[in-house]
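Chemist: Based on what follows, work out the 3D shape:
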Amino acid sequence: MRKIDLATIKVGSKISKTIYNSKGHVLLKAGTVLTDRYIKRLQELGFTSIFIDDGLIDDINIEEAISENTRINALNCIRDIMQEVKRNKIIHVAPLKKAVNNIIDDLLTNKDIMLNLSDIRSYDDYTFNHSVNVTVISTFIGMSLHYRKDRLKDLGMGVLLHDVGKTQIPLEIINKPGRLTEEEYEIVKKHTWYGFDTLRKCPGIKLTSAHVALQHHERLDGTGYPRNLKGKRIIEFARISAIADVYDAMTSDRCYRKSIPVHEVCHYLAEGSGVQFDQHILDRFIEKVAIYPQGTRITLSDGRSGIVIKQNTGIPARPVIRLFWNEKGPLPKPVQINLADNLELNIEDVIE
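Modeler: Presented below is the predicted three-dimensional model:
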């Protein structure tokens, strides 16, 4: 299966992974053959990409960090909480704890896989999916830092609710497709204080967890907000969530721009290592992220090109590739090559 931009998918393509809406209801089952009507409807619903079988790597299944059931339950949890907070600022902690525990349990079961978030989301579901993904990434980092399970829970509780303050920001600003004005940006920045104020008053949520909402936009060099904190004045939970937050935001399709390839986002984060982002935490993250996710089409330094089919744990920049083409055209038959065993070759380019 491959994740393909919906704008490029042809009528007659077969869906390889069931498409759900954010409430967990099935929209189109795996195996469904796409018609023009289906494609247009998915676009109307704000979907930008889906998984299809295209005859190239149909035998390859994407390794997911968490199960579909865990993701859907977490999405429903964060949506319900945000709606409740918007109405009366009440948070029911029991479903929150259950959602976080499920994420942790899934990650502990799959702790040896490389982080490869390949969820399909619509524009309208961005905030909820973003909250879940940032929680998955942050928990993954916490595990790499050898956090005990109780500390992972405190981290997850804060991160899943890190954007809860956005319930107090006007939707026309949150969903604005263009660049924010200075005045609008100042309004958005207040979501950190709104979130902290909500969480710190909630029985069952620790103050360190509440500080994730307040500090996740702070940067080591003091250029962040809302308090321009520097270095270790930013709590470790927030230094973790800052990396996860930026990574997921940049690798996601938004209504105003396309997603940025993972390897470019990792390069951006690496440039800020020790300046904006905690170097030790970032190093643990980069070790675990699939820089070239399964299904990515690449070109090698010898001119051949193909599709990433597998990750090499601990060597994220050197995956296993199935080669289909050279500079002259298609190869007589596909060739599989492990870059970990072929150090003379490098990935030169990613083909969108």
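
Chemist: Next, the contact list for the closest residue to Ile72 other than its chain neighbours, please.
Modeler: Using Cβ to Cβ, 6 or more residues apart in numbering and skipping residues adjacent in sequence, the residue nearest Ile72 is Gly24, 3.7 Å away. C-beta here means a position set from N, CA and C on the backbone, and glycine is covered the same way. Taking Cβ atoms under 8 Å, 6 or more residues apart in numbering, we find Gly24 in contact with Ile72, Asn73, Leu75, Asn76.

Chemist: can you map out the helices along the stretch 151-300 of the chain?
Modeler: 171-174, 182-189, 191-200, 207-215, 236-250, 262-271, 279-288 (DSSP state H, counting those that start in this stretch).

Chemist: doesn't Asp283 make contact with Ile243?
Modeler: No: Ile243 is beyond contact range of Asp283, at 10.5 Å (criterion: Cβ atoms under 8 Å).

Chemist: Give me the more crowded residue out of these two.
Modeler: Neighbours per residue (other Cβ atoms under 10 Å) separate Ile243 from Asp283, with Ile243 holding more: 25 against 12.

Chemist: any idea how far Arg284 is from that one?
Modeler: Distance of Ile243 to Arg284, given as Cβ to Cβ, to the nearest Å: 9 Å.

Chemist: hey, what's in contact with both of those two?
Modeler: Counting by Cβ under 8 Å, 6+ apart, the residues touching both Ile243 and Arg284 are Ile141.

Chemist: What's the local residue count around Pro261?
Modeler: When counting by other Cβ under 10 Å, one arrives at 17 neighbours for Pro261.

Chemist: Skip the chain neighbours and tell me the closest residue to it.
Modeler: Counting by Cβ to Cβ, 6+ apart, the residue nearest Pro261 is Val350, at 5.3 Å.

Chemist: in which helix or strand would I find the one you found?
Modeler: When elements are defined using DSSP states H and E, Val350 is found to belong to strand 347-351.

Chemist: residue contacts, Ile104?
Modeler: For Ile104, the set of contacting residues under the criterion of Cβ under 8 Å, 6+ apart consists of Thr139, Lys149, Leu152, Lys153, Gly156.

Chemist: Phi and psi next, for the second one.
Modeler: When quoted as degrees, to the nearest 10, the phi and psi of Lys149 stand at phi -60, psi -40.

Chemist: how close does it sit to Gly156?
Modeler: Distance check for Lys149 against Gly156: by Cβ to Cβ, it reads 10 Å.

Chemist: wait, Glu218 sits on Arg227?
Modeler: Yes: in this structure, Glu218 sits in contact with Arg227. The criterion is Cβ under 8 Å, and the distance is 7.0 Å.

Chemist: related to what we said a few turns ago, who has more neighbours, Lys149 and Gly156?
Modeler: Residue environment comparison for Lys149 versus Gly156 gives the larger neighbour count to Gly156, 28 against 12, counting by other Cβ under 10 Å.

Chemist: Which of the three states applies to Val308?
Modeler: strand (DSSP: H, G, I helix; E, B strand; the rest coil).

Chemist: and it, what does it touch?
Modeler: Each residue near Val308 by Cβ under 8 Å, 6+ apart is listed here: Tyr292, Pro293, Gln294, Gly295, Thr296, Arg297, Ile298, Pro319, Val320, Ile321.

Chemist: Now render these as TSV, adding neighbour count and pLDDT.
Modeler: Formatted as TSV, the contacts of Val308 follow (neighbours: other Cβ atoms under 10 Å; pLDDT from 0 to 100):
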residue	neighbour count	pLDDT
Tyr292	25	92
Pro293	22	88
Gln294	23	88
Gly295	20	87
Thr296	23	90
Arg297	18	92
Ile298	21	95
Pro319	24	94
Val320	18	96
Ile321	27	96
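
Chemist: pull the longest strand from this structure.
Modeler: The residue-count maximum for a strand in the chain (DSSP state E) belongs to strand 329-338.

Chemist: List the contacts of that strand.
Modeler: Applying Cβ under 8 Å, 6+ apart, the set of residues contacting strand 329-338 is Arg304, Gly306, Ile309, Asn312, Arg318, Val320, Ile321, Arg322, Leu323, Phe324, Trp325, Leu345.
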